[in-house]
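Asker: Fold the following for me, if possible:
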Amino acid sequence: MKRLIPIVIAGLIASSGVAQETDVVELETLFVAADMADLSEFRWKKRPVLVFADSEDDPAYIEQLELLGQRPEALLERDVIVLTDTDPEARSPLRLKMRPRGFMLVLVGKDGGVKLRKPFPWDVREITRSIDKMPMRKREIREEKEAARER
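Answerer: Prediction:
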């Protein structure tokens, strides 16, 4: 799992042409191993997207990382952090709580609640549409528009 994430990040950087230093830092913080005990550190700050698989060679897992890597700016704009776990033997606290069976995508809101679970890969467009329907995201959009008008 940990060897695949840097490859995805390197591919994103290469495909975007000349990446600025801040872009590289943001991409590195977008994809993180899901080795924390719980998601409390992200509450009210980030929207975790958890990607579970039984192996980093799982075709659905590989496809999901590729889909997420196609539009990282849309995820970063919505305060998304992607947490990955491909080691069922480690029995991580997040895996035990979410109970995936094979591949599973989980979207968690800033409030810490599970917003959706999918047993198959989802593209960024579908994920961002789900996020944009959330009340907190609607408020964020409204506040951004008001701030832009005041400028």
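
Asker: CA only for contacts and neighbour counts going forward, please
Answerer: OK.

Asker: tell me how far the helix ranked longest in the chain is from the chain's mean position?
Answerer: Ranked by residue count and defined by DSSP state H, the top helix of the chain is helix 135-150. In terms of CA atoms, centre = their mean, to the nearest Å, the centre of helix 135-150 is set 22 Å apart from its chain centre.

Asker: what's the answer for stretch 140-151, then?
Answerer: 25 Å.

Asker: Dump the C-alpha coordinates for the helix or strand where Glu66 lies into CSV.
Answerer: Using DSSP states H and E, Glu66 sits within helix 59-70. The C-alpha coordinates for helix 59-70 follow below in CSV (Å, rounded to 0.1, in the frame of the first residue of the first chain):
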residue,chain,number,x,y,z
PRO,A,59,-8.0,-4.1,-9.5
ALA,A,60,-10.8,-2.0,-7.9
TYR,A,61,-8.3,-0.4,-5.5
ILE,A,62,-5.9,0.5,-8.3
GLU,A,63,-8.8,1.9,-10.4
GLN,A,64,-10.0,3.9,-7.4
LEU,A,65,-6.6,5.5,-6.8
GLU,A,66,-6.3,6.3,-10.5
LEU,A,67,-9.8,7.9,-10.5
LEU,A,68,-9.0,10.0,-7.4
GLY,A,69,-5.7,11.0,-9.0
GLN,A,70,-7.3,12.4,-12.1
